[in-house]
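[1] Next comes the sequence, and after it the predicted model I'd like to discuss.
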Amino acid sequence: MALNPSPPLAPHLQCGTYRLSLDRPLIMGVVNVTPDSFSDGGQFATADAAATHARRLIDEGADIVDIGGESTRPGAAPVSLDEERKRVLPVLERLAGCGVPVSIDTRKAQLMREAIAAGASLVNDVTALEDPEATAATAATAVGVCLMHMQGEPHTMQQNPHYDDVVREVREYLAGRVRAAEAAGIARDRILVDPGFGFGKTPEHNLALLKRLPEFAGLGVPLLAGWSRKSSLGRITGRDTGERLAGSLAAALLALLGGARILRVHDVKETRDAVLVFEAWRKA
Ligand code: 7PJ
């Protein structure tokens with residue numbers, strides 16, 4: 001008899017009116033609408049350009065597009081609600097009817113409300129709905145929620161991350177956030193979890209999490225992994241952000257092997273091919 005059986009994973013993820021099958025890995029394409037994003041900063045600074053980029057990612061195979069107006073890269077300064085709103089809401093409006101769930105990457109409860117009203121189907125919160133207002137903003141709706149672990153604040157999180165056992169601590173934190181979300185009325189099939197690679201973690205912490213990703217299966221909700229272009233890959237390969245595609249694909253495949261079901265990536269076209277090879281291997 002299996003000790004500690006994992007709760008069964010729902011076969012789908014509910015995001016507003018979208019029901020995404022989890023029979024195969026899903027790709028979340030990143031659309032940053034920030035002047036200071038570390039990898040594509042400034043390139044998509046206008047709403048039209050950001051929406052065009054999002055549509056291109058959808059054409060390339062993105063199952064979800066994630067729109068963010070606050071850079072959470074290490075050392076980034078916070079932005080005001082008004083500034084973040086001006087960046088993302090026009091993009092969401094332009095993406096109405098785009099055919100896939102649009103995710104809003106924000107930690108501000110008020111912006112969650114406005115984004116949902118503007119059509120967002122998923123809330124990606126790097127603070128895992130710790131603000132009770134954020135829980136309230138999402139619980140009363142049908143949107144999906146991504147609960148991510150972060151140690152500290154973006155401004156300072158990479159200064160001295162410390163854990164006794166990073167995998168156990170991140171897993172216990174996420175288990176608590178899943179319980180809190182469910183207690184607030186967010187059904188399990190609306191919840192995703194994410195260890196938050198690079199968010200208050202050294203490269204060693206990120207690698208320990210990637211290696212021991214199967215230990216997150218017991219949470220009973222799908223796992224999202226975001227390694228795309230991150231600095232740990234730069235540490236390993238010696239490459240700058242624009243040169244980290246091969247490293248990103250390698251990390252994405254390792255995350256899939258570890259049980260991740262959703263990959264948050266900048267390079268959708270290439271990731272799609274890697275996922276197809278993984279799926280062909282899995283089914284062989
Ligand atoms: C992540 C994120 C991640 C989730 C960013 C970057 C830095 N949201 N937002 N997971 N990373 N859920 O794009 O590399 O890993 S911002």
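    It's in.

[2] ok, which stretches of the stretch 51-200 of the chain are strands?
    64-68, 102-105, 122-125, 144-148, 191-194 (DSSP state E, counting those that start in this stretch).

[3] between those strands, which gets nearest to residue 272?
    Nearest to residue 272, of all the strands of the stretch 51-200 of the chain, is strand 64-68, at 13.0 Å by CB to CB. No exception for glycine: its C-beta is placed from N, CA and C like everyone else's.

[4] by contact count, what packs against the closest one?
    Applying 3 or more CB pairs under 8 Å, 6 or more residues apart in numbering; DSSP states H and E, we find strand 64-68 packed against strand 26-32, helix 47-60, helix 81-94, strand 102-105, strand 122-125.

[5] Residue 238: which of the ones you listed is closest?
    strand 26-32 (23.1 Å).

[6] Just give the strands next to that closest one in its sheet, each with its orientation.
    strand 64-68 (parallel), strand 262-265 (parallel) (DSSP bridges).

[7] Dump the helices and strands packed on strand 64-68 to TSV, plus mean pLDDT, distance to the ligand and mean neighbour count.
    Listed next are those as TSV, based on pLDDT from 0 to 100; distance: least, CB to the nearest ligand atom, whole Å; neighbours: other CB atoms under 10 Å:
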stretch	mean pLDDT	distance to the ligand	mean neighbour count
strand 26-32	98	5	27
helix 47-60	96	13	18
helix 81-94	96	13	19
strand 102-105	98	5	28
strand 122-125	98	5	27
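
[8] For this protein, give me the ranges with low pLDDT.
    For the chain, residues meeting the criterion pLDDT under 70 lie at 1-7, 36-45.

[9] how much space between the residue nearest to residue 212 when sequence neighbours are not counted and residue 14?
    In this structure, residue 212 finds its nearest non-sequential neighbour in residue 167, 4.5 Å apart by CB to CB, 6 or more residues apart in numbering. Distance of residue 167 to residue 14, given as CB to CB, to the nearest Å: 28 Å.

[10] residue contacts, the residue nearest to residue 212?
    Counting by CB atoms under 8 Å, 6 or more residues apart in numbering, residue 167 makes contact with 208-209, 212, 215.

[11] All the helices of the stretch 101-250 of the chain, in order from the start?
    Here the stretch 101-250 of the chain has its helices, by DSSP state H, counting those that start in this stretch, at 109-117, 132-139, 166-183, 203-211, 231-237, 245-257.

[12] so, in contact with the ligand or not, the last one?
    Spelled out, that is helix 245-257. No. Applying CB under 6 Å from any ligand atom, one finds helix 245-257 separated from the ligand by no less than 9.9 Å.

[13] got the contact list for that helix?
    25, 210, 213, 225, 227-230, 233, 236-237, 239, 263, 265-267, 270-271, 274-275, 278.
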